[in-house]
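Asker: Show me the folded form of this:
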Amino acid sequence: MKAYELLDSASKWTQKAFARDRVGEPVTVGDKRAVQWCIVGAVNLCYPDFSEWSKKTDKLRYELYSKMEIDRSLSSWNDDGERTYEEVYELLKSNNV
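Answerer: Now for the predicted structure:
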């Protein structure tokens, strides 16, 4: 599964935690109770091998740097108060992550 497939609806995306359960409490990315993920958590769940995860997150960061949309970590970009689900989903899908 690709991260954009995991985050196929706004209800599955979160901010300020890698993953959350049904009541909004933070949980680990692979926890069976997880129903929401941030961009980094989604990539981590879908690409658990560190080398593959690193390639995917580097690709996403490069895309954002090239558009001058990021000057910090991918998590910080995700957690920006003005960030939208649509921006996160489009970044993942357009990069086939």
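
Asker: how about the longest helix seen in the chain: buried residues?
Answerer: Counting residues, the longest helix found in the chain (DSSP state H) is helix 50-66. Residues 53, 56-57, 60, 64 are the ones in helix 50-66 that count as buried (16 or more other C-beta atoms under 10 Å). Just so you know, the C-beta spots here come from the backbone N, C-alpha and C atoms, and that holds for glycine as well.

Asker: what do you get for stretch 12-30?
Answerer: In stretch 12-30, counting by 16+ other C-beta under 10 Å, buried: 12-15, 17-20, 27, 29.

Asker: And those, which is closest to residue 72?
Answerer: residue 15 (14.3 Å; C-beta to C-beta).

Asker: That closest one: what's it in contact with?
Answerer: Contacts for residue 15 (C-beta atoms under 8 Å, 6 or more residues apart in numbering) come out as 38, 78-79, 83.

Asker: go again using 6 Å as the cut-off
Answerer: residue 79 (C-beta atoms under 6 Å, 6 or more residues apart in numbering).

Asker: Point me to the residue sitting farthest from the middle of the protein.
Answerer: residue 23 (19.4 Å; C-alpha atoms, centre = their mean).
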